[in-house]
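> Model the structure of this input:
(2 chains)
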There are 2 protein chains.
Amino acid sequence: MLIALAQINPTVGDIDGNVEKILSAIDVARSKSANMVLFPELSVPGYPPRDLLLRKNFVQRNVAAIERIASASKDIISVVGFASPNTDSAGKELYNAAAVCQDGKVLSTYRKRLLPTYDVFDESRYFAPGDTTDSLDITVAGQPMRLGVTICEDLWNDEPYINRKLYGADPIADLAKLGVDLIVNISASPFSMGKQRSREELFSRQVAEHSIPLALVNQVGGNDDLIFDGASAFFDASGKCTVRCKSFAEDMQFVDTDSPPSSLPIELPKDIAAVHDALVLGTRDYVTKCGFSDVVIGLSGGIDSAVTAALAVEALGKESVYGVAMPSRISSDHSVDDAEQLSTNLGIDHRVIPINKIHKVAEETLAPSFKGTTPGVAEENIQARARGGILMALSNKFGWLLLTTGNKSELAVGYCTLYGDMCGGLAVISDVPKMMVYGLARYINERAGQPMIPQNTIDKVPSAELRENQTDQDSLPPYDVLDAILQQYVEKELDIADIVASGFDRDLVVEIARKVDRNEYKRKQAATGLKVTSRAFGSGRRMPIAAKYAY
Amino acid sequence: MLIALAQINPTVGDIDGNVEKILSAIDVARSKSANMVLFPELSVPGYPPRDLLLRKNFVQRNVAAIERIASASKDIISVVGFASPNTDSAGKELYNAAAVCQDGKVLSTYRKRLLPTYDVFDESRYFAPGDTTDSLDITVAGQPMRLGVTICEDLWNDEPYINRKLYGADPIADLAKLGVDLIVNISASPFSMGKQRSREELFSRQVAEHSIPLALVNQVGGNDDLIFDGASAFFDASGKCTVRCKSFAEDMQFVDTDSPPSSLPIELPKDIAAVHDALVLGTRDYVTKCGFSDVVIGLSGGIDSAVTAALAVEALGKESVYGVAMPSRISSDHSVDDAEQLSTNLGIDHRVIPINKIHKVAEETLAPSFKGTTPGVAEENIQARARGGILMALSNKFGWLLLTTGNKSELAVGYCTLYGDMCGGLAVISDVPKMMVYGLARYINERAGQPMIPQNTIDKVPSAELRENQTDQDSLPPYDVLDAILQQYVEKELDIADIVASGFDRDLVVEIARKVDRNEYKRKQAATGLKVTSRAFGSGRRMPIAAKYAY
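Take a look at the predicted model:
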């Protein structure tokens, strides 16, 4: 049989638009003589639909859409994800479901059994778990076959880093017992660095254990903080991946289960390339799905804003990116020059709007209140907020979405100004640790074959330039040390004692942990940030603010 | 027997501090010859502990605390909430548990069966559900008795507005079958307007149905957006509430099960009083649990900032509240006068910091970019952001927490400036619809017996005063209409068609719904807001931003 993996990029909430994509893909698949076409998890509402699922009309429209898709499923079997009402007298009102459509009607509806409710996932908020895994006997091209349908997490119960089963049920083992010929999995599995490989290893292991081939389609595209990488795939009964879709782009690949291909032409990107591609896709989708076309970025001459601007150009085109340098009396000459050089390299609109006058008048305005006090953070932040105000004025005036440029390291320890450099609708690199920002800069330049990010921007000592001769390392440990500690404390949720045991000074670890915890209030008000690590500040990390914690 | 309802106000994460409160309360209860003392749900870690529960060391310390509490439980039975490790091979790693301590040790650990995962609740994120409800045979004052322990949601499965059982299990019915003499429930049930009464009705109905008395203790205090109202209570076997703790304050009341009192001296507050008291408690706890003592508020002369300031004075004392009027060239005389009158009435520090110079210089700085454009929202927002910058400078300089003053109606439709009037650490009235803000103002004045909020502030036409002769109703429908539509769309999650059917113009309803949905990006970056309605913008409402939605 010929299976089409329809790796589409739905927009959350846009049922009509998503159904159009699905119907078009069914046409394409049929035109290529595919017997079956697979779509991602919840592809009708888009994943994650969040509290749109609490709107009755939204659910009804999503159910009605399945009727349209079923009607179009003639001479082909479609498997498509939607939210299915639970008509039982108890439990959540919906199932996370897959409709199997054939001959113009819904043949069967499978209900997802394992509902992830951790990290960025809130599925138990909306869905009742399905309680059985049935196989489906179908006829494909005149041949009988036994199909097993699963949805995303149903495959993930032996995820190795958890060290224990998250769920009591095991849908894959159940399907194996039922003697299915093929397992289908429709997914919406968001990207994080390294996850593409670990995901395929997991699938390969599951498939090999039960000797049942697996056809899996994963959503692609950015929806708010989450970036879905696609890389849909087919694994033969030995666990070998024989077909794979592109990463970070819509794609349709075909699996001929009777004559597997001898080679696998589409490779998974390496780590830094994957992060790069994820950020480009995430930026493009956030901007365009929010209805914007252009973005504005404050350019400090530093590495963070340079990398953000370069990614934005790749996402949206150089005509859609506006760079603004906003020097103050404290800014060094090189910061203005480096910003201008960056804009020249990228070919973007560049303007210089000095903040000297606003800065001076703001100081004068505050002077009566500040009289007799020692200059400090309050004075430094005036500059950052003046810049934020200018960028937002341009955003409001011209309809340019403001991209914020802070990295994960500084967001973690609060080395950023609320309502200042934190202004913006999307935080492109807020889940990228500082050391990885350098890696991205080098990758961007290598890939371009020329220095898009000025070499001086990469080489110079990082500075917020909010007071004379300031450098980041006045307030923070070296970034390689900071990033290593943050990875353990934030990304791996390790205890202080474990981090110290891995070779760091206890006072330093506690100081950093304290900074992370104390700056929860800043992150509460941060822009949506694109998730590229296994634990981002965002929808997957929910910390109290008004809390006390002993170290 | 004599039961002490120990209605404490724990701080999330502060295990040591919470245990001290618990141990002190055990001492008090014992000194009054109580046989049993009850503490709220998760009182050791504080509710809700959120992702602190993912920190191993935190969980270990919470378990160790139970040993200390058990050791102190001599000549008295203590029931206390904590997070208990799940040692099974599958499922979430914790239980939401109640330790029953007697004779210096843990007699029994009950595991919460019904885990709320909706609105503000994320319990399935952390906890495995308990699968059995056992009764516990104990000896109290030489008499044998059969006790049934439950935790919060275990009692809530017939909540009437849900129209269906949320859960398949029914712990109360199970306990009734086991023939228990008394049901104990330890809760952390957050406040919303009207919920105190509906909660007691629910309990009374459950108790009467099974003819088993119920002793219930509820957490009190504000933890981030959630305000726990206390009002712990005892219901006799007929379903009558015979003992009740104070609302919105720590309290300990005693229940003598052998001789019920003839009257119920502590009443539940009426709706507007309850909202008032909730906001005062929520403000005080947020400010002090964050480690602040003082707050600063921008005073526009309008009703929202006036009510916020009055609440802050009640929460923190007049010496701890700083009022700042920041007139621009557009501000009317009465706005400056009304702000000053308010500060005089409240007895707070008052200063006037005109923004004329900053406003003018910002316009000059932006002039080259804005050349040839028509003045609009971009220009208006400059003023709001200048004010936000001044308030944050004062906040940074003097360590005053900035309170933001926006109401729910304007936050809903985006009638507010991001990084302008939205600046601040806590949004005191962001869940209070505009019409209710007026109700609060009248209540505050009535209660004080004198006009704390100037009458002119209450009487005048609302205006953001960001352009000449502007009024709110230039952009918005009358507030009574707006609030009625918002209540249906946001609070009740009704469909457009249903709202129209209740008597509103379809175009108007769609326009408002569109505004609500389009301004999700502003609310994403809003300050923590105190929840006082059944559905606030905050942790209990999770909407996508980059989404399309048909109306």
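
> Name the helix or strand for the closest residue to residue A:536 other than its chain neighbours, please.
Counting by Cβ to Cβ, 6 or more residues apart in numbering or on different chains, residue A:536 lies nearest to residue A:431, which is 4.1 Å off, once chain neighbours are set aside. (C-beta placed from N, C-alpha, C; glycine too.) Counting by DSSP states H and E, no helix or strand carries residue A:431.

> Repeat that for residue A:22.
Applying DSSP H and E, one finds residue A:22 within helix A:15-31.

> what residues does the stretch 151-300 of chain A put near chain B?
Applying Cβ under 8 Å from any Cβ of the partner chain, one finds that the stretch 151-300 of chain A approaches chain B through A:164-168, A:222-224, A:285-286, A:289-290.

> what about 10 Å?
A:157, A:162-170, A:221-226, A:282, A:285-292 (Cβ under 10 Å from any Cβ of the partner chain).

> Excluding chain neighbours, what is closest to residue A:44?
In space, residue A:44 is closest to residue A:82, 4.2 Å off (Cβ to Cβ, 6+ apart).

> now the angle between helix A:15-31 and the host helix or strand of that neighbour, please.
Using DSSP H and E, residue A:82 sits within strand A:77-85. In terms of direction (axes from the mean of the first three to the mean of the last three Cα atoms, to 10 degrees), strand A:77-85 departs from helix A:15-31 by 160 degrees.

> Just give me how far strand A:77-85 sits from the chain centre.
24 Å (Cα atoms, centre = their mean, to the nearest Å).

> next one: stretch A:515-522
The answer for stretch A:515-522 is 22 Å, by Cα atoms, centre = their mean.

> Now look at it and say if it contacts chain B.
Yes. Under the criterion of Cβ under 10 Å from any Cβ, chain B is reached by stretch A:515-522 at A:517-518, A:520-522.

> what mean pLDDT does that stretch have?
Mean pLDDT, stretch A:515-522: 97.

> for that stretch, which positions count as buried?
A:515-517, A:519-522 (16 or more other Cβ atoms under 10 Å in any protein chain shown).

> which among these gets closest to residue B:185?
residue A:520 (31.2 Å; Cβ to Cβ).

> Surely that closest one touches residue A:545?
Yes. At 4.8 Å, residue A:520 counts as touching residue A:545 under the criterion of Cβ atoms under 10 Å.

> Touching both of those two, which residues are there?
Shared contacts of residue A:520 and residue A:545 (Cβ atoms under 10 Å, 6 or more residues apart in numbering or on different chains): B:224, B:290.

> Point me to the residue sitting farthest from the middle of chain A.
residue A:372 (47.7 Å; Cα atoms, centre = their mean).

> what about the longest helix along chain A, average pLDDT?
If you go by DSSP state H, chain A has its longest helix at helix A:377-398. If you average the pLDDT over helix A:377-398, you get 97.

> try stretch A:492-510
According to the model, stretch A:492-510 has a mean pLDDT of 96.

> before we move on, what about stretch A:265-272?
Averaging the model's pLDDT scores along stretch A:265-272 yields 95.

> in it, what's buried?
In stretch A:265-272, counting by 16+ other Cβ under 10 Å, buried: A:268-269, A:271-272.

> out of those, which are inside helices?
Judged by DSSP H, those include A:271-272 as members of helices.

> how about CSV for the buried residues of stretch A:265-272, with distance to residue A:89 added?
Shown next, in CSV, are the buried residues of stretch A:265-272 (distance: Cβ to Cβ, whole Å):
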residue, distance to residue A:89
A:268, 46
A:269, 49
A:271, 49
A:272, 52
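
> Go through the buried residues of stretch A:265-272 and name the one nearest residue B:187.
Using Cβ to Cβ, these come closest to residue B:187 at residue A:271, 47.1 Å.

> three-state assignment of the closest residue to the closest one other than its chain neighbours?
What sits nearest to residue A:271 in space, not counting adjacent residues and going by Cβ to Cβ, 6+ apart, is residue A:193, at 5.5 Å. Counting by DSSP: H, G, I helix; E, B strand; the rest coil, the backbone at residue A:193 sits in coil.

> contacting residues around the residue nearest to residue A:536?
Contacts of residue A:431 (Cβ under 10 Å, 6+ apart): A:192-193, A:225, A:227, A:275, A:278-279, A:282, A:407-408, A:411, A:491, A:529-538.

> Just the buried residues of the longest helix of chain A, please?
Buried, per 16+ other Cβ under 10 Å, within helix A:377-398: A:378-397.

> just the angle between that helix and helix B:377-398, please?
Using the same axes, to 10 degrees, helix A:377-398 lies at 170 degrees relative to helix B:377-398.

> Provide a list of residues in contact with residue A:30.
Here residue A:30 is in contact with A:4, A:37, A:72-76, A:78 (Cβ under 10 Å, 6+ apart).

> which one among those residues gets closest to residue B:238?
For the contacts of residue A:30, the nearest to residue B:238 is residue A:78 (58.9 Å; Cβ to Cβ).

> Counting neighbours, what do you get for that closest one?
29 (other Cβ atoms under 10 Å in any protein chain shown).

> Pull up the gap between residue A:191 and residue A:533, please.
10 Å (Cβ to Cβ, to the nearest Å).

> Spit out the residues that contact these two alike.
Joint contacts of residue A:191 and residue A:533 (Cβ under 10 Å, 6+ apart) are residue A:275.

> ok, these two, which is more surrounded?
A count of neighbours by other Cβ under 10 Å puts residue A:191 above the other of residue A:191 and residue A:533, at 29 against 20.

> can I assume residue A:544 is in contact with residue B:10?
No. Counting by Cβ under 10 Å, residue A:544 stays clear of residue B:10, with 11.6 Å between them.

> Next, show the common contact partners of those two.
Counting by Cβ under 10 Å, 6+ apart, the residues touching both residue A:544 and residue B:10 are B:45-46, B:49, B:223, B:289.

> Sort out for me which of those residues are in strands.
residue B:223 (DSSP state E).

> quick one: low-confidence ranges for the stretch 351-500 of chain A?
Residues of the stretch 351-500 of chain A that meet the criterion pLDDT under 70 are absent altogether.

> ugh, wrong one, the stretch 201-350 of chain A
Looking at the stretch 201-350 of chain A by pLDDT under 70, you get an empty list.

> Would you mind telling me which of residue A:544 and residue B:10 has the busier surroundings?
residue B:10 (29 against 23).

> pLDDT value on the more buried one, please?
For residue B:10, pLDDT reads 98.

> what's the answer for residue A:81, then?
98.

> same question, residue A:194
On the pLDDT scale, residue A:194 gets 97.

> Quick check: phi and psi on residue A:324?
phi -130, psi 120 (degrees, to the nearest 10).

> hang on, it packs against residue A:339?
Yes. Counting by Cβ under 10 Å, residue A:324 does reach residue A:339; the two are 8.7 Å apart.

> Among the contacts of residue A:431, which ones are in strands?
Per DSSP E, those map to strands at A:227, A:529.

> Alright, that wraps it up for me.
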